[in-house]
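> heads up, no residue letters with this:
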């Protein structure tokens, strides 16, 4: 749960939008199409966002950040996603916002001073080793194990869907320090570390995937990685509770990014519908084109209201689990539908890369899958809001 803080004014948020648009402007459609083709990490974009101070928007001011809340962060990320780079642009910097939150919440002053400024400046890039092939979203069933030794831990295990491991020099790693069967509760015995990504002990394998090619996803294999005691975050065995601090903000940010992608797709479809002439009239004059686009706008704006509501609750220190999960669900659905409608509006040209909507459509699928599936969100609402029996 966050600490209550004053909400930003409309003028504050407009200033953020204008600043983000200016930072993103040099990176046009051709830049992002090239990254989608070659799969190279957008280092130039990452550096520009770091130089503009955007990587530290949620980080404490005493460590070089702006000390702002999730309302400002979701405003920023929606604009980033709408700039033409879609989820690739958003994912390039998303990891900096609330992913390292365990450091901010539970890290010692020495750890914060050592790690946070380098994240804010972009000197360090972090990947996250949380998900495992046999555990999926059941985090309590991870098997990567950190064995205590003199001065630290020796880690063996495997992770999957570890984003940016091709370019990162740091890794936030979730491990077991007590085996599942030896714990009183499933959530006990999990420990979190932030340490160097030692490639002599961590083997990184790229996963070829449907979209967001520029931000790599990987399977990683950890064999005998030594992690010093000073790289453990908080108490041994208490790591599960630490990661909960970042779950609601992450859902809100993904929702905001989905809205940005959807708005960009809708903008492209609308512009095309005005310009494309068939049977001596612009296709946008036809209700068969108009009505689906109008409906997509309504769903996007409705989902945006839920994203805003969740962010405001979080920043006021109020419970927001239902709203954050609903924001992610509704925004992802609205994004995916808008991206498909953009492809459909372009007709055959929607299938062509030069119009960019097929790229946005591919990336929109991920908003429905990560970081939590739609089915688990529905289970959460059914159980926690409606009071129905737990189904799993």
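Received, thanks. Just so you know, these numbers come straight off a predicted model, no measurement behind them.
> and the longest strand belonging to the chain, how far from the chain's centre?
Scanning the chain for the longest strand, with DSSP state E as the assignment, gives strand 218-228. Averaging C-alpha positions (CA atoms, centre = their mean, to the nearest Å) puts strand 218-228 23 Å from its chain's average.
> who touches that strand?
Applying CB atoms under 8 Å, 6 or more residues apart in numbering, the external contacts of strand 218-228 come out as 127, 129, 133, 144, 146, 149, 151-163, 165-166, 173, 193, 195, 198, 201-207. Any C-beta I mention is one placed from the backbone N, CA and C, and that applies to glycine too.
> neighbouring strands for it, and are they parallel or not?
Sheet neighbours of strand 218-228, with direction, are listed as strand 152-159 (antiparallel), strand 202-206 (antiparallel) (DSSP bridges).
> And the next helix or strand past it?
Moving toward the C-terminus from strand 218-228, the next helix or strand (DSSP states H and E) is strand 232-233.
> Packing partners of whichever helix or strand comes after that next one?
Scanning forward in sequence from strand 232-233 by DSSP H and E, the next helix or strand is helix 239-243. Applying 3 or more CB pairs under 8 Å, 6 or more residues apart in numbering; DSSP states H and E, we find helix 239-243 packed against helix 101-106, strand 170-176, strand 190-196.
> before we move on, the earlier item: only the buried subset of the contacts of strand 218-228, as a PyMOL command please.
In PyMOL, the members of the contacts of strand 218-228 classed as buried (16 or more other CB atoms under 10 Å) are selected with the following command:
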select buried, resi 127+129+144+146+152+153+154+155+156+157+158+159+160+161+162+163+165+166+173+193+195+201+202+204
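> ok, back up a step: using JSON lines, lay out the helices and strands packed on helix 239-243 together with distance to residue 323 and mean pLDDT.
Conversion of the helices and strands packed on helix 239-243 to JSON lines gives the following (distance: least, CB to CB, whole Å; pLDDT from 0 to 100):
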{"stretch": "helix 101-106", "distance to residue 323": "19", "mean pLDDT": "89"}
{"stretch": "strand 170-176", "distance to residue 323": "26", "mean pLDDT": "97"}
{"stretch": "strand 190-196", "distance to residue 323": "26", "mean pLDDT": "98"}
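> Tell me which of the ones you listed lies nearest to residue 338.
Within the helices and strands packed on helix 239-243, the stretch nearest residue 338 is helix 101-106; the backing value is 29.7 Å (CB to CB).
> quick one on the thing from earlier: out of the strands paired with strand 218-228, which gets nearest to residue 262?
With CB to CB as the measure, strand 202-206 is the member of the strands paired with strand 218-228 nearest residue 262 (28.3 Å).
> Including distance to residue 311, could the helices and strands packed on helix 239-243 go into TSV?
Compiled in TSV, the helices and strands packed on helix 239-243 are given as follows (distance: least, CB to CB, whole Å):
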stretch	distance to residue 311
helix 101-106	15
strand 170-176	23
strand 190-196	25
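> closest to residue 291 out of those?
Among the helices and strands packed on helix 239-243, if distance is taken as CB to CB, the winner is helix 101-106, at 42.3 Å.
> chain center to that closest one, what's the gap?
17 Å.
> And stretch 65-80, by the same measure?
Centre-to-centre, stretch 65-80 and its host chain are 13 Å apart (CA atoms, centre = their mean).
> mind listing what's buried in that stretch?
For stretch 65-80, burial by neighbour count (16+ other CB under 10 Å) applies to 65-66, 68-80.
> Show me which pair in those residues is furthest apart.
Between any two of the buried residues of stretch 65-80, the greatest separation by CB to CB is 19.7 Å, found for 65 and 78.
> Strands along the stretch 1-150 of the chain, start to end?
In chain order, the stretch 1-150 of the chain shows strands spanning 126-129, 145-149, with DSSP state E, counting those that start in this stretch as the criterion.
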